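> Next input, structure requested:
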Amino acid sequence: MDSNVDSFLEWTISQFKSLKTNDFSGIGIVIYNDLQRLPYSELTPDAGKRFSLPISDPERILRIFQEISSVKSPYHDGFHLISSGLTLTNLCCYFAPPIVVGLGFQGIHGARFRSAQYGSVLPAVDRVAIIGKEYQSYIFKKPYNGEKRIH
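Numbering: from 1, shown residues only. I've put the predicted structure just below:
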């Protein structure tokens, strides 16, 4: 499972970087193993119906991500949730992991980065990947040791 998840995330990141756009808003992806234990709330409850979720086809997931990652899209905000079996189940979610005291990081980073960093240590989370507006990318996974992983 881990190699499939890592391959999927690395492929997704590389696809975004190869198709850069001027209106890219950034993206956050949570790979989870237990949806019931995730601290999240849907920001746009109609997104699942609008995009006919759940979806397991990686190409289709990528197309949806590319479509909604425009600042003009009402679906660009929040994190998108994918099961450890690589099925996209939820779009545009407020992901609210608790702050982990002592889990620091050098440098200045925004809320998406911190949510990914803190969320990556949750038992229900396998990986959290983010791509910033300037296409800087990170994959956080357990055991989190404070190092950024740039791809």
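
> got the contact list for the top helix by length along the chain?
Longest helix in the chain, counting residues (DSSP state H): helix 2-18. Here helix 2-18 makes contact (CB atoms under 8 Å, 6 or more residues apart in numbering) with 24, 27, 29, 31, 58, 61-62, 65-66, 69, 84, 86, 126-127, 129, 131, 135, 137, 139, 151. For every residue, glycine as well, the C-beta is placed using N, CA and C.

> before we move on, what SS does the closest residue to residue 44 other than its chain neighbours have?
Among residues not flanking residue 44 along the chain, residue 92 sits closest, at 4.4 Å (CB to CB, 6 or more residues apart in numbering). Applying DSSP: H, G, I helix; E, B strand; the rest coil to residue 92 yields a three-state assignment of strand.

> count of neighbours near residue 92?
By the criterion of other CB atoms under 10 Å, residue 92 has 22 neighbours.

> cool, and residue 73?
Residue 73: 15 neighbours (other CB under 10 Å).

> looking at it, it is touching residue 67, isn't it?
Yes. Look at residue 73 against residue 67 with CB atoms under 8 Å: they come within range, at 6.7 Å.

> For the chain, give me the ranges with low pLDDT.
For the chain, applying pLDDT under 70 flags the ranges 1-2, 104-108, 143-151.

> Start and end of stretch 20-37, how far apart?
In stretch 20-37, first residue to last residue: 34 Å (CA to CA, to the nearest Å).

> Ok, stretch 102-112 next?
18 Å.

> Equivalent analysis for stretch 90-99, please.
23 Å.

> so how far is that stretch from its chain's centroid?
How far stretch 90-99 lies from its chain's middle: 9 Å, per CA atoms, centre = their mean, to the nearest Å.

> Give me the buried stretch members for that stretch, please.
Neighbour-count burial for stretch 90-99, counted by 16 or more other CB atoms under 10 Å, picks out 90, 91, 92, 93, 95, 97.

> Can you tell me what sits against it?
28, 30, 35, 38-44, 47-48, 51, 53, 64, 68, 75-81, 115, 118-119, 121-122, 125.

> If any of the residues you listed are buried, give me the PyMOL selection for them.
Entered in PyMOL, the line below selects the buried ones among the contacts of stretch 90-99, by 16+ other CB under 10 Å:
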select buried, resi 28+30+38+39+40+43+44+47+48+51+53+64+68+75+76+77+78+79+80+81+115+118+119+121+122+125
